[in-house]
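Q: here are the coordinates; sequence isn't available:
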């Protein structure tokens, strides 16, 4: 995303400040009123946050700052970036004198979004951005450290009604909502020639003629978590209460063993450590891969389909990104919530998600996609998907799942015996 104007205009004739200074009651840009977008590709005005008396600001309101990761860069180098750029331009056009400044931060690690947010909050209240895009792991960590604000009083009560269950779970912490999802993702099957067009039972995968790559060397074992939950395993929520159900894990390991014996599961899978590497491992026509929707969707000559499940039902694990409010200034929070709502308009999200190659996290946005198999697939997955496990669960149980799979596929241990070993490793 290109950096937008980095300094605000010196003169800021916005009606909101006039209203604050004079005590007048109404203003076009005060949250709670409606406005009409002036771009031909944008939708009718999105409902704005709850009407509230605007507090006196403690900082200049002529500039709003957004932090996002590089994958969502809003420039003209990508169709999605241009769509986002136009949406921000439309917001500025509706608020003369307002400048929206976009900063790019690494998604994770030192100097990343959460790290930079903590540093800014410690430096000074005015140093924090107004909006920050966060994934579920960083959102929950930021909420614990009070680096972001709960939105229950800033947005209407029905603001989350259209979002899929997994998307709601991404922003819910301690019973409160800390974000508004704007991008979704899920584990899917991708390939040059899909072996089927609808969900298939695990028993049928032995009949495939297409070999499959899977990230079985992933230390977090996200693919194995998917399979374990698909087999009826109870989701692991906390380390203290974590338990592995041997029967469900046995079913998973037996499925992997059957695919190995039928030469469906590629041996190289035991060296593949990420969804990206799994997708890149596809070498020829007929190969398929366990990967993420956001990875496969970037390649126009690949098909995306359902993952097989024990009974053939559509299911996956999903994750995504959400807008959060980081500013502690009450006046800025209200304006930031308005911008967040503007960037969550269903028609805009539909256009942007399709261009970005991500899944719309809300039904109202997905309904705007062209009808067909892709929309039906995303809808079916999104309705039933469970969220990715929390990082502490992935770090704790992921290596146990990975070892259980290697014990069967490399050491020849019976699936039931390996599952029992894993259960004892988690809960002696």
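A: Yes, it's here. Just so it is clear, the model here is predicted, and its values are computed rather than measured.
Q: please enumerate the helices of the stretch 151-300 of the chain.
A: Counting by DSSP state H, counting those that start in this stretch, the segments of the stretch 151-300 of the chain that form helices are 165-171, 222-230, 246-261, 275-280, 293-296.
Q: need the winner for burial among these.
A: helix 222-230 (a mean of 24; mean count of other C-beta atoms under 10 Å). All C-beta atoms are positioned from the backbone trio N, CA, C, and that covers glycine.
Q: angle of that helix against helix 246-261?
A: 130 degrees (axes from the mean of the first three to the mean of the last three C-alpha atoms, to 10 degrees).
Q: for helix 222-230, name the packing helices and strands.
A: Contacts defined by 3 or more C-beta pairs under 8 Å, 6 or more residues apart in numbering; DSSP states H and E place helix 222-230 against strand 180-191, helix 246-261, strand 317-325, helix 391-409.
Q: quick one: closest of the ones you listed to residue 331.
A: Nearest to residue 331 among the helices and strands packed on helix 222-230 is strand 317-325; the distance by C-beta to C-beta comes to 12.2 Å.
Q: and the angle from the helix or strand hosting residue 416 to helix 222-230?
A: Remark: residue 416 resides in helix 415-426, with elements defined by DSSP states H and E. Taking the same axes, to 10 degrees, one finds helix 415-426 and helix 222-230 inclined to each other by 100 degrees.
Q: excluding chain neighbours, what is closest to residue 402?
A: residue 221 (4.8 Å; C-beta to C-beta, 6 or more residues apart in numbering).
Q: tell me the contacts of the one you found?
A: 394, 397-399, 401-402, 405 (C-beta atoms under 8 Å, 6 or more residues apart in numbering).
Q: before we move on, the earlier item: other residues contacting the helix holding residue 416?
A: In contact with helix 415-426 (C-beta under 8 Å, 6+ apart) are residues 242-247, 249-254, 257, 396-397, 400-401, 403-405, 407-408, 413.
Q: buried stuff in that helix?
A: Neighbour-count burial for helix 415-426, counted by 16 or more other C-beta atoms under 10 Å, picks out 415-416, 418-423.
Q: for these, which one is nearest residue 101?
A: Distances from residue 101 to those, taken by C-beta to C-beta, are shortest for residue 422, at 49.1 Å.
Q: from residue 421, how far out is the residue lying closest to that closest one once chain neighbours are set aside?
A: Leaving aside its sequence neighbours, residue 422 sits nearest to residue 404 (C-beta to C-beta, 6+ apart; 4.1 Å). Going from residue 404 to residue 421 by C-beta to C-beta, to the nearest Å gives 7 Å.
Q: now do residue 369
A: 45 Å.
Q: equivalent analysis for residue 204, please.
A: According to C-beta to C-beta, residue 204 and residue 421 sit 29 Å apart.
Q: first-to-last residue distance for stretch 98-113?
A: Distance across stretch 98-113, first residue to last, is 24 Å (C-alpha to C-alpha, to the nearest Å).
Q: got the buried residues for it?
A: Buried residues in stretch 98-113, counted by 16+ other C-beta under 10 Å: 98-105, 107, 113.
Q: same check, this time on stretch 71-85
A: So, applying 16+ other C-beta under 10 Å, buried residues of stretch 71-85: 71-74, 78, 80-81, 83-85.
Q: stretch 355-363 now?
A: In stretch 355-363, counting by 16+ other C-beta under 10 Å, buried: 356-363.
Q: turn those into JSON lines, including pLDDT, secondary structure and distance to residue 301.
A: Formatted as JSON lines, those follow (pLDDT from 0 to 100; DSSP: H, G, I helix; E, B strand; the rest coil; distance: C-beta to C-beta, whole Å):
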{"residue": "356", "pLDDT": "96", "secondary structure": "helix", "distance to residue 301": "19"}
{"residue": "357", "pLDDT": "96", "secondary structure": "coil", "distance to residue 301": "14"}
{"residue": "358", "pLDDT": "98", "secondary structure": "coil", "distance to residue 301": "19"}
{"residue": "359", "pLDDT": "98", "secondary structure": "strand", "distance to residue 301": "20"}
{"residue": "360", "pLDDT": "98", "secondary structure": "coil", "distance to residue 301": "23"}
{"residue": "361", "pLDDT": "98", "secondary structure": "coil", "distance to residue 301": "26"}
{"residue": "362", "pLDDT": "98", "secondary structure": "strand", "distance to residue 301": "29"}
{"residue": "363", "pLDDT": "98", "secondary structure": "helix", "distance to residue 301": "29"}
